[in-house]
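In: structure for this input, please:
(one chain, ligands or ions: 1)
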Amino acid sequence: MRLYLALFFALGISLPFWGGEYGVSTGISILLYTVLAAAWALFTGPSRYLSLATSAFFGVGVYAVALLHERVAWPLLWPLAFLGAGGLAFLVGLATLRLQGVYFTVFTFGLAELVRQLITWGQRNLGGSVGSYVFLEVGQEAIYGLLLFLAALVYLGGEALRRSPWGLALWASGDDELAARHSGVPAVRVRLLVFSLTAGVMGVAGAAVAPRWVYVDPGLAFNPNTSFLTAVIGLVGGLQGPLGAFLAAPPFVLLWDFLSGRFPHHTTALMGLLFLLVVYRLPQGLLGLWKAPLKAPPPSETHSLPPSPAPIQPPVSAPLLRAQGLSKRFGGVLAVAGLDLEVRPGEIVGLIGPNGSGKTTALGLIAGTLPPDGGEVVFLGRKATGLSPEALARLGLGRTFQQVRLFPSLTVHQHVYLPLALRGVRGAEEEARRLLRRVGLEGQASLFPPSLTYLDQKRLELARALALDPRLLLLDEWLAGLSPTELTEGMDLLRSLKAEGRALVLVEHVMPAVRALCDRVYVLSFGELMAEGTPEEVLRDPKVVATYLGVAHA
Ligand SMILES: Nc1ncnc2c1ncn2[C@@H]1O[C@H](COP(=O)(O)OP(=O)(O)OP(=O)(O)O)[C@@H](O)[C@H]1O
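Out: This next block holds a predicted model:
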């Protein structure tokens, strides 16, 4: 890969000396689509939000030059194009990046057309004629040089982003948005930031190539083909990083040039066919040929850390969490019906009951996963109802899921590093390693979740939640499916969390663990509280025995 990049830039730098006018002109097309597709992949790859708005951002850059070049020097128009295109993406993103991916795609598809219509209308009504002349004395070499510089910048920026907490956060939220938000990732904000930055780059690319044209009109600047070609090159190259565009743009542009010379009426159809073939044979794009995994950030920080965290010293008087009258309905099913529940600092509270009695739903209502239909939650003395999962995570509320939810694109180490880095913890690298050691995953740091055993995936989920330094941990059947030895280890681990002053809510069906670990237990049945008390009290309660445990447990 490094060799390919070195070759790309060596050829790129030397081309003006041997390529002649035609060579530089072809080089401009290649570099333009390299920049556009790399910037596109930097957002669409990790986020899985497929944008078809490239032509809108590119067109804003082109038009910035077309309208302002007589008053503002060309180099000063580059930052303006960046701000214009980035600003447009920011506004669009504010409205659409909360939507599910497919709506976003449809919206972005319409955006370029909308901007094109607006500019046409504006020019016709304010200026009299649609389109503008571009009288700029800029040589091909200058355009080429700027695009080559942009390509290098996008590559380096993209690589830095992928290793940064924000880049990891984007990958995590693309993998599993809910799990990411419960790990403290502000998913919408991260998407908005990267979408705006990459759109800004597309705007600069537009400003770079605008002087090539003598006359610019909205149809040229906001041509939807720009969006499609960018997406096709990005997909053919592969979405794992910016490099895919560097691999796919040169052959794609050269082939396009060749085919449009030989078969001018069939170029699009032939390229479409080729695209289908490539995607069919290489679903991960050309980058998929290199199986280099995403690397964990290299150990760079050397801050010394205490061997284990100092116990949290919460105020003992106030409850850590109080839920009152919580209810949730799914259609005709009342999953949780007026639940009152309290967790005090450092307590382990069990939440048990038959299948379908509302335990997972109750956890979701407490953690902000689901909005309640009624009732309220107070966490750390403040109203928590209505707070987002990421806000609650940042306050120190961690959770695991009944069905393990991890991020396939992140290494084991990155899973734990991400919440720590987002919280601004000093020495996050080393702290992540310490947490992995604590759950017994120190040897697996550079693996990806699919290569872990089920038990190790559960351990990783716990370590990721611990990276929030949680005051309260909600564990949904975390001990389920463990062998007797693993169960003993798991219980010891949970005891050690309690010893640090953390409170735990355990949704569990493993009764020996409930008996051994819990200070108090709530029993749910059909969404309602059936019993509450110490494990001994509730597990002997005849109602609980009859509806949940059966006579054998009495
Ligand atoms: N997203 C949903 N949409 C519709 N119904 C749901 C949804 N989530 C839960 N339910 C229903 O709400 C009720 C409570 O489900 P919940 O998963 O909270 O129970 P549980 O006690 O955690 O069960 P289990 O022990 O099997 O995990 C069930 O009847 C379930 O089918």
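
In: from what I can see Ser260 touches His266, true?
Out: No. Using C-beta atoms under 8 Å as the test, Ser260 is too far from His266 to be in contact (9.4 Å). Just so you know, the C-beta spots here come from the backbone N, C-alpha and C atoms, and that holds for glycine as well.

In: the two: which is more packed in?
Out: Between Ser260 and His266, counted using other C-beta atoms under 10 Å, the more crowded position is Ser260 (15 against 12).

In: can you tell me the helix or strand for that one?
Out: According to DSSP states H and E, Ser260 maps onto helix 243-262.

In: mean confidence for that helix?
Out: For helix 243-262, mean pLDDT is 91.

In: show me what it is packed against.
Out: helix 2-18, helix 20-47, helix 140-163, helix 224-237, helix 267-281 (3 or more C-beta pairs under 8 Å, 6 or more residues apart in numbering; DSSP states H and E).

In: got the CA coordinates for the shortest one in CSV?
Out: Spelled out, that is helix 224-237. Only the C-alpha atoms of helix 224-237 are listed here, as CSV (Å, rounded to 0.1, in the frame of the first residue of the first chain):
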residue,chain,number,x,y,z
PRO,A,224,-25.6,15.0,-10.9
ASN,A,225,-23.1,12.9,-12.7
THR,A,226,-20.4,14.3,-10.4
SER,A,227,-22.2,12.7,-7.4
PHE,A,228,-22.7,9.4,-9.2
LEU,A,229,-19.1,9.1,-10.5
THR,A,230,-17.8,10.0,-7.0
ALA,A,231,-20.0,7.4,-5.4
VAL,A,232,-19.0,4.7,-8.0
ILE,A,233,-15.3,5.4,-7.7
GLY,A,234,-15.6,5.4,-3.9
LEU,A,235,-17.4,2.1,-3.9
VAL,A,236,-15.1,0.5,-6.4
GLY,A,237,-12.1,1.6,-4.4
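
In: pull out the buried residues from that helix.
Out: Neighbour counts over helix 224-237 (16 or more other C-beta atoms under 10 Å) mark 224, 226-237 as buried.

In: the helices and strands packed on helix 243-262: which one's closest to the ligand?
Out: Taking C-beta to the nearest ligand atom, helix 20-47 is the member of the helices and strands packed on helix 243-262 nearest to the ligand, at 24.3 Å.

In: what is the mean pLDDT for that closest one?
Out: 95.

In: returning to that earlier point: pull out the buried positions in the helix holding Ser260.
Out: Quick answer for helix 243-262 (16+ other C-beta under 10 Å): 243-250, 252-253, 256-257, 259.

In: check those and tell me the two furthest apart.
Out: Leu243 and Leu259 (25.0 Å; C-beta to C-beta).

In: what number of residues lie near Glu429?
Out: 21.

In: could I have the strand or helix carrying it exported to CSV, CA atoms only?
Out: Using DSSP H and E, Glu429 maps to helix 428-439. Extracted in CSV, the C-alpha atoms of helix 428-439 (Å, rounded to 0.1, in the frame of the first residue of the first chain):
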residue,chain,number,x,y,z
ALA,A,428,-6.4,6.6,27.7
GLU,A,429,-4.3,4.1,25.8
GLU,A,430,-2.8,2.6,29.0
GLU,A,431,-6.1,2.8,30.9
ALA,A,432,-7.8,0.9,28.1
ARG,A,433,-5.1,-1.8,28.4
ARG,A,434,-5.6,-1.9,32.2
LEU,A,435,-9.4,-2.4,31.8
LEU,A,436,-8.8,-5.2,29.3
ARG,A,437,-6.4,-6.9,31.7
ARG,A,438,-9.1,-6.6,34.4
VAL,A,439,-11.7,-8.5,32.3
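
In: around the ligand, pick out the residues from the chain.
Out: Phe330, Val333, Ala335, Gly353, Asn355, Gly356, Ser357, Gly358, Lys359, Thr360, Thr361, Gln402 (C-beta under 6 Å from any ligand atom).

In: how many other residues sit next to the third one?
Out: Spelled out, it's Ala335. Residues near Ala335, counting by other C-beta under 10 Å: 23.

In: am I right that Ser357 is in contact with Leu524?
Out: Yes. Using C-beta under 8 Å, Ser357 is in contact with Leu524, at 4.2 Å.

In: between those two, which one's more packed in?
Out: A count of neighbours by other C-beta under 10 Å puts Leu524 above the other of Ser357 and Leu524, at 26 against 22.

In: which residue sits closest to that one, ignoring its sequence neighbours?
Out: Computed as C-beta to C-beta, 6 or more residues apart in numbering, the closest residue to Leu524 that is not its neighbour in sequence is Gly353, at 3.7 Å.

In: which of the three states applies to Gly241?
Out: Put simply, Gly241 is coil when judged by DSSP: H, G, I helix; E, B strand; the rest coil.

In: what's the burial count for it?
Out: Gly241 has 24 neighbouring residues, counting by other C-beta under 10 Å.

In: the ligand versus that one, what's the distance?
Out: Distance from Gly241 to the ligand, counting by C-beta to the nearest ligand atom, to the nearest Å: 35 Å.

In: quick one: stretch 429-447 to chain centroid distance?
Out: Stretch 429-447 sits 22 Å away from the centroid of its parent chain (C-alpha atoms, centre = their mean, to the nearest Å).

In: got the buried residues for it?
Out: 429-436, 438-439, 441, 444-445, 447.

In: among the residues you listed, find me the one that's closest to Thr385.
Out: Of all the buried residues of stretch 429-447, Thr385 sits closest to Leu435, with 29.9 Å by C-beta to C-beta.

In: give the contact list for the residue of the stretch 101-250 of the chain found nearest the ligand.
Out: Of all residues in the stretch 101-250 of the chain, Leu178 sits closest to the ligand, at 12.1 Å by C-beta to the nearest ligand atom. By C-beta atoms under 8 Å, 6 or more residues apart in numbering, the contact list for Leu178 reads Thr369, Pro389, Arg405.

In: wait, a helix at it?
Out: Yes. According to three-state DSSP, Leu178 belongs to a helix.

In: any idea how far it is from Leu351?
Out: Per C-beta to C-beta, to the nearest Å, Leu178 is found 20 Å from Leu351.

In: follow-up on the earlier one: distance of the residue of the stretch 101-250 of the chain closest to the ligand from Gln100?
Out: Taken as C-beta to C-beta, the span from Leu178 to Gln100 is 13 Å.

In: what does Leu441 give?
Out: 33 Å.

In: want to try JSON lines for the residues of the chain next to the ligand, with secondary structure and pLDDT as columns?
Out: Shown next, in JSON lines, are the residues of the chain next to the ligand (DSSP: H, G, I helix; E, B strand; the rest coil; pLDDT from 0 to 100):
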{"residue": "Phe330", "secondary structure": "strand", "pLDDT": "95"}
{"residue": "Val333", "secondary structure": "strand", "pLDDT": "92"}
{"residue": "Ala335", "secondary structure": "strand", "pLDDT": "95"}
{"residue": "Gly353", "secondary structure": "coil", "pLDDT": "93"}
{"residue": "Asn355", "secondary structure": "coil", "pLDDT": "91"}
{"residue": "Gly356", "secondary structure": "coil", "pLDDT": "92"}
{"residue": "Ser357", "secondary structure": "coil", "pLDDT": "93"}
{"residue": "Gly358", "secondary structure": "coil", "pLDDT": "95"}
{"residue": "Lys359", "secondary structure": "helix", "pLDDT": "95"}
{"residue": "Thr360", "secondary structure": "helix", "pLDDT": "96"}
{"residue": "Thr361", "secondary structure": "helix", "pLDDT": "96"}
{"residue": "Gln402", "secondary structure": "coil", "pLDDT": "93"}
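
In: that's all I had, so thanks and see you.
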